[in-house]
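Novice: sequence? don't have it. structure:
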């Protein structure tokens, strides 16, 4: 039996609100067992970029990471957000260590090839150094990843936080019985998008296909769930989606996803 | 016999110039044995602060770190500079890990008490977690510290990079035969400030007292050397001051300081 490892991902809505962040960090600090935190950056980077006079370039509704935007992301995700989260976790007796994918060469990626759109300095994950990450965990430290990877040739790359989460989880599942907790603003996958209490408590692959056919899973949820099943097929044990309260154990009102 | 450990500190003039930084990082990567890098931030933080409309508050010629300035320092030192240095070292096959004092609770400090001047969010170092830092070194990682510490209660604090260097060195000297290399723009301590080749090759405590009496050590060099002798009295073996070329071993034109 492999030891359990929990990987928790929080998004911008928690990061940006001081009260939500502090409440979440308490839940995270109290979570038993070995764990890893992954955070996105939210609107703070956009806000600081605009203050610095850097306009967000969008092509077909998707953000382009030019050199200046990458600098802002490195400052905000890797510096401001990551190091404040680490300091707050230390105050909660969690011996955190803040990381980008460049640190201990933990997440190596390749700059996304230019096809129709040049996304700029965006990385697609190629490898996760699970043994190096485990050395930190074995030393008693709690890794806190921001959404930045590197190409191994000195270039940092902006990388989607959900992708970082699932790739780190796939890597760590070689060593641990690994579960992902995606914390977001909904209570879970909803059967009726207008009813926040219509949480589908358990989705397995056959229900997933069923929900897909019925059109219940659509829009933003579609890539998220595709990503989940890819992770499950590559070694991750369980994926949980819901609000941060799912970390309390007393709350079972969230979506559990298994193969 | 303790194993050797080298702690190298570079200042803003190297950080700010892409060519100098790359040249230095090659020397650092090639340096044999266990090592730690400490970097300052230089004028980049001031530059970005002014772009963000944050004015540097000065009192009696000394900078005050208000909340906004601390945010910029956290972004620039902890994010932009630190993570780019880490990524560049990875490209040079050095398995670097970027740290503030909050990470693994490595450097805890206390907010400087208000006497005549309120310096704001500035920390005076109280303790260095040498055992935790050593876990990283033993795992084969090379720590890269920026000039930020924390108070253990969730607050990051701006801390002088020379102080971080000497305090980390004092801490690590409990485990290692520790040497500091302060890289700066001069070739070393100069007997004649107008002659860049008048390097005093070796200073011990008795020569130090002699040079002090003659007024050869003055101005900016005075606190630097006071700091050096404090470190030597607290366990550090040797302190070297000079330009980055002193790391090549072929160059002996720098100042070596011992008790």
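Specialist: Arrived safely. This one's a predicted model, so the numbers in the text were calculated from it and none came from an experiment.
Novice: Report pLDDT for the closest residue in space to residue A:52 that isn't next to it in sequence.
Specialist: Leaving aside its sequence neighbours, residue A:52 sits nearest to residue B:51 (C-beta to C-beta, 6 or more residues apart in numbering or on different chains; 5.4 Å). All C-beta spots, glycine's among them, are computed from the backbone N, C-alpha and C. Here the pLDDT value assigned to residue B:51 is 90.
Novice: cool, the one 4 residues further on as well?
Specialist: The score at residue B:55 is 85. That number is its pLDDT.
Novice: Is there a neighbour count for it? I'd like the number.
Specialist: 10 (other C-beta atoms under 10 Å in any protein chain shown).
Novice: How about the secondary structure of it?
Specialist: The three-state assignment at residue B:55 reads coil, by DSSP: H, G, I helix; E, B strand; the rest coil.
Novice: Now do it against residue B:46, distance only.
Specialist: Applying C-beta to C-beta, to the nearest Å, the value for residue B:55 to residue B:46 is 10 Å.
Novice: circling back to that earlier point, quick one: residues contacting the residue nearest to residue A:52.
Specialist: Remark: with contacts taken as C-beta atoms under 8 Å, 6 or more residues apart in numbering or on different chains, residue B:51 is in contact with A:51-53.
Novice: cool, residue A:153 as well?
Specialist: Residues counted as contacts of residue A:153 (C-beta under 8 Å, 6+ apart) are residue B:91.
Novice: Over to it: give its phi and psi.
Specialist: Taking degrees, to the nearest 10, you get phi -110, psi 20 for the backbone angles of residue A:153.
Novice: pLDDT at it, what is it?
Specialist: Looking at residue A:153, its pLDDT stands at 98.
Novice: Then residue A:122?
Specialist: At residue A:122, pLDDT is 95.
Novice: now do residue A:40
Specialist: The model reports residue A:40 with a pLDDT of 84.
Novice: Name the nearest residue to it, ignoring sequence neighbours.
Specialist: Spatial nearest neighbour of residue A:40, chain neighbours left out: residue A:161 (3.8 Å); criterion: C-beta to C-beta, 6+ apart.
Novice: where's that neighbour relative to chain B, distance?
Specialist: The gap separating residue A:161 from chain B is 16 Å, by C-beta to the nearest C-beta, to the nearest Å.
Novice: Could you tell me which residues make contact with that residue?
Specialist: Contacts of residue A:161 (C-beta under 8 Å, 6+ apart): A:9, A:11, A:38-41, A:146-147.
Novice: Look at the closest residue to chain B within the stretch 1-150 of chain A and give its secondary structure.
Specialist: With C-beta to the nearest C-beta, the shortest gap between the stretch 1-150 of chain A and chain B falls at residue A:79, namely 2.3 Å. Following three-state DSSP, the label given to residue A:79 is helix.
Novice: Is it correct that it is in contact with residue B:77?
Specialist: Yes: counting by C-beta atoms under 8 Å, residue B:77 is a contact partner of residue A:79 at 7.4 Å.
Novice: Which neighbours in the sheet does whichever strand or helix holds residue A:178 have, and how are they oriented?
Specialist: Assessed by DSSP states H and E, residue A:178 sits inside strand A:177-183. Looking at strand A:177-183 with DSSP bridges, its partner strands are strand A:4-10 (parallel), strand A:238-242 (parallel).
Novice: Setting aside sequence neighbours, what's the nearest residue to residue A:230?
Specialist: Nearest non-adjacent residue to residue A:230 (C-beta to C-beta, 6+ apart): residue A:166, at 7.0 Å.
Novice: so who does the residue of the stretch 1-150 of chain A closest to chain B touch?
Specialist: Taking C-beta under 8 Å, 6+ apart as the criterion, residue A:79 is in contact with B:74-80, B:82-83.
Novice: Ok, residue A:187 next?
Specialist: Residue A:187 makes contact with A:196-197, A:199, A:242-243, A:253-254 under the criterion C-beta under 8 Å, 6+ apart.
Novice: Quick check on those residues: which are buried?
Specialist: By neighbour count, with 16 or more other C-beta atoms under 10 Å in any protein chain shown, these hold A:199, A:242-243, A:254 as buried.
Novice: in the stretch 51-200 of chain A, which ranges drop under the pLDDT threshold?
Specialist: Along the stretch 51-200 of chain A, the model assigns pLDDT under 70 to no residue.
Novice: switch the cut-off to 80
Specialist: A:56, A:58-63 (pLDDT under 80).
Novice: Which parts of it are helices?
Specialist: A:67-73, A:82-91, A:130-138, A:161-172 (DSSP state H, counting those that start in this stretch).
Novice: The last one to strand A:177-183, inter-axis angle?
Specialist: Spelled out, it's helix A:161-172. Helix A:161-172 and strand A:177-183 are oriented at 170 degrees to each other (axes from the mean of the first three to the mean of the last three C-alpha atoms, to 10 degrees).
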